[in-house]
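> Build the 3D model from these lines:
(2 chains)
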Amino acid sequence: GAVVSQHPSRVICKSGTSVKIECRSLDFQATTMFWYRQFPKQSLMLMATSNEGSKATYEQGVEKDKFLINHASLTLSTLTVTSAHPEDSSFYICSARDPLAGAYNEQFFGPGTRLTVL
Amino acid sequence: SQQGEEDPQALSIQEGENATMNCSYKTSINNLQWYRQNSGRGLVHLILIRSNEREKHSGRLRVTLDTSKKSSSLLITASRAADTASYFCATRAPSGGGADGLTFGKGTHLIIQP
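This is a model prediction of the structure:
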């Protein structure tokens, strides 16, 4: 199957700093990528849909100015957590869908990024 | 919005037994997928069943879908210790653009006792 990578896999930062997380589709071009957040022992919640060459679409309750998304190329989307606070500590996971794989194809998930804000 | 609900939330069985997890959802769907997540790791796609399908098999996995009841089940036969993980169902709403993200259930934490 298709491969999606994330970098970094783990990051610890101080409160008030910004953190950038990268999501890459390694062997296919993804016009659309998705960002999810997962708190400990909870399920994944969709944060936003990242569209190549246009603005991201955010889910209700997700602050677009706090979670900046840039999808500058067909293989890379970045999520920047600005002015991070301890409550932003979470597991962030991206996914991508291969548009050539048909209407019913599954999303391919990255391995996730564990963010800890001190 | 969170619409999938799995039950049970936790399941502990002996190795070799079958494990059944259920998922219910609330709105119309394009397809339903099951994922596995080992502790602190990413998601592994297990199986996708389309809204016009009723049953699907993949190795030791069997998935059923009942759109009239808005429910699905995942059966893992002859369980192994390596099957210990959290299992999530995820649905995608019907969409002309096909760009909708997935809505995940709360998950079932499966423990296989050796």
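> Tell me the residues on chain A that lie near chain B, please.
A:1, A:6, A:32, A:34, A:36, A:42-46, A:49, A:51, A:59-60, A:91, A:93, A:95, A:97, A:103-112, A:114 (CB under 8 Å from any CB of the partner chain). No exception for glycine: its C-beta is placed from N, CA and C like everyone else's.
> Return the residues in contact with the residue most central in space within chain A.
Nearest residue to the geometric centre of chain A (CA atoms, centre = their mean): A:W35, 3.4 Å. By CB atoms under 8 Å, 6 or more residues apart in numbering or on different chains, the contact set of A:W35 is A:C23, A:L46, A:M47, A:A48, A:S50, A:F67, A:I69, A:S77, A:L79, A:Y92, A:I93, A:C94.
> mind listing what the host helix or strand of it pairs with, with the direction of each?
Here A:W35, judged by DSSP states H and E, is contained in strand A:32-38. Sheet pairing of strand A:32-38 (DSSP bridges) gives strand A:44-51 (antiparallel), strand A:90-96 (antiparallel).
> Can you report the mean pLDDT over the residues of it?
Average pLDDT, strand A:32-38: 94.
> Go through that strand and flag the buried ones.
A:T32, A:M33, A:F34, A:W35, A:Y36, A:R37, A:Q38 (16 or more other CB atoms under 10 Å in any protein chain shown).
> I'd like to know which of the residues of chain A next to chain B are buried.
For the residues of chain A next to chain B, buried by 16+ other CB under 10 Å: A:6, A:32, A:34, A:36, A:43-46, A:49, A:51, A:91, A:93, A:95, A:97, A:105-110, A:112.
> and A:N70, what are its bridge partners?
A:T78.
> On the pLDDT front, check it for me.
A:N70 is given a pLDDT of 91.
> Please look at it and A:K64 and confirm they touch.
No - using CB atoms under 8 Å, A:N70 is not in contact with A:K64, being 11.9 Å away.
> give me the low-pLDDT residue ranges for chain A?
For chain A, applying pLDDT under 70 flags the ranges A:1, A:101-106.
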